[in-house]
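Student: okay, here's the prediction I keep looking at, along with the sequence it came from:
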Amino acid sequence: MPSPDLVVTSARPPAPPSATGVHRTAVRRRTTVVLGLVAVLALAAVASMLFGSNRLGVDQVLAGLTRSGSGTTEAVVWGSRIPRTLIGAAVGAALGIAGLLMQGHTRNPLADPGLFGVSSGAGLAVVLGVYVFGVTSTGATVWFALAGAVVASVVVFSVTIAGSGTASPVPLALAGAAVSALLGAVTSFIVLTDQQSLDAYRLWVVGSLAARQLDVLTAAAPFLLVGLALAIWNVRSLDALGLGAELARGLGENVLVARLVGLGGITLLAAGATAAAGPIGFVGLTVPHVARALVGTGHRWTLPVSALVGASLVLVADVVGRLVGGFSEVEVGIVLAVIGGPVFVAVARRRSLVSL
């Protein structure tokens, strides 16, 4: 019969898993999530190539891609499906990352990239392009939208820094709201007094991927790529700022530089996306919450997840708009507004997702 000491020793609870084991499990789970989202994005891209007012089979799409099919098929694939698929994925990814940066820097779960006046500035520039210069083509309009979005963001930053001396979240939000209201009022005045400007603005403001060609993506690509580089550079600083500005300084972070880098990334990403497809709402607002629910709060993982979720969401919404609209499709901005309303309510009700 074993001694009492031996009985006590054998009854000890098992040792808890090591921190290394827990970390490896978390990494495997997050990697699985990323790979799953890559697969979802690939399926959304395939659906974007196949479905529309002109239904194409896989063999027709492949023939169009290799330019070995009929002229009509080639025109549909290269003239419509490829441009809107690439633009939709780029716009969704940019808005998802911009929303993540915006919420991280402002510590506001309801923050959206449009808070910087990006949409209002782009809209006013588009209207001025039509009203003053008579510009109506999409390829030329994108340059006015880019310029207006960047100028509006610079004005917001300048007002904030001049008033508070730093790029603090609360003054930034107030300045963004004030500038957006002013630019929106000027835009409304112009479109209400000029029918041509109203027609152009009405088509642009709903947010759409239709009638976009690859030159639109070519114009926006430098802004999107530089914005992505700034966002990646800003990841470590965002994790530190999440602990508070004072603690971040104690960890060696230059808070002002970190804020300026992040705000620059938000501006370029949101400006490029808005110029390419018009103002598309709810993506930058809801996607970061979904990313944090999937992989936690570490920005090293939430940044790529936000990009993948945003790109997939915009492509799926675009496909849905083509299918429900028949020959006259529903714009992606409208579809996302319909989908985003219930999703936003669900996010707002779940405090575990809203809290930052």
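Tutor: Yes, it's here. Residues are numbered from 1 along each chain as shown.

Student: quick one: mean pLDDT for stretch 156-176?
Tutor: For stretch 156-176, the mean pLDDT works out to 73.

Student: kindly check the end-to-end length of it for me.
Tutor: By CA to CA, to the nearest Å, the extent of stretch 156-176 from end to end equals 6 Å.

Student: got the phi/psi numbers for residue 279?
Tutor: phi -70, psi 110 (degrees, to the nearest 10).

Student: tell me if I'm right that it and residue 122 touch.
Tutor: Yes - between residue 279 and residue 122 there is a contact at 7.2 Å, judged by CB atoms under 8 Å. (C-beta placed from N, C-alpha, C; glycine too.)

Student: between these two, who's got more neighbours?
Tutor: residue 122 (32 against 21; other CB atoms under 10 Å).

Student: residue 207: which element?
Tutor: According to DSSP states H and E, residue 207 maps onto no helix or strand at all.

Student: what distance do you get for it to residue 280?
Tutor: 4 Å (CB to CB, to the nearest Å).

Student: who touches both of the two?
Tutor: Common contacts of residue 207 and residue 280 (CB atoms under 8 Å, 6 or more residues apart in numbering): 332, 333, 336.

Student: scan these and report the most crowded one.
Tutor: Going by other CB under 10 Å, residue 332 tops those with 31 neighbours.

Student: what sits closest to that one if chain neighbours are left out?
Tutor: residue 318 (4.4 Å; CB to CB, 6 or more residues apart in numbering).

Student: on contacts alone, who are the packing partners of the one helix or strand that neighbour maps to?
Tutor: Counting by DSSP H and E, the element that carries residue 318 is helix 299-325. The contact analysis (3 or more CB pairs under 8 Å, 6 or more residues apart in numbering; DSSP states H and E) places helix 299-325 against helix 19-50, helix 82-106, helix 235-241, helix 283-295, helix 332-349.

Student: report the distance from it to the chain centre.
Tutor: On the basis of CA atoms, centre = their mean, to the nearest Å, the separation between the geometric centre of helix 299-325 and that of its chain is 9 Å.

Student: so for it, mean pLDDT?
Tutor: For helix 299-325, the mean pLDDT works out to 93.

Student: quick one, it and helix 19-50 angle?
Tutor: 20 degrees (axes from the mean of the first three to the mean of the last three CA atoms, to 10 degrees).

Student: make 25 the first number, not 1, from now on.
Tutor: Taking 25 as the first residue, the last one we looked at is helix 323-349.

Student: and which of the shared contacts of residue 231 and residue 304 is nearest to residue 152?
Tutor: residue 357 (21.4 Å; CB to CB).

Student: list the residues that contact that closest one.
Tutor: So residue 357 contacts 230, 231, 232, 301, 302, 303, 304, 305 (CB under 8 Å, 6+ apart).
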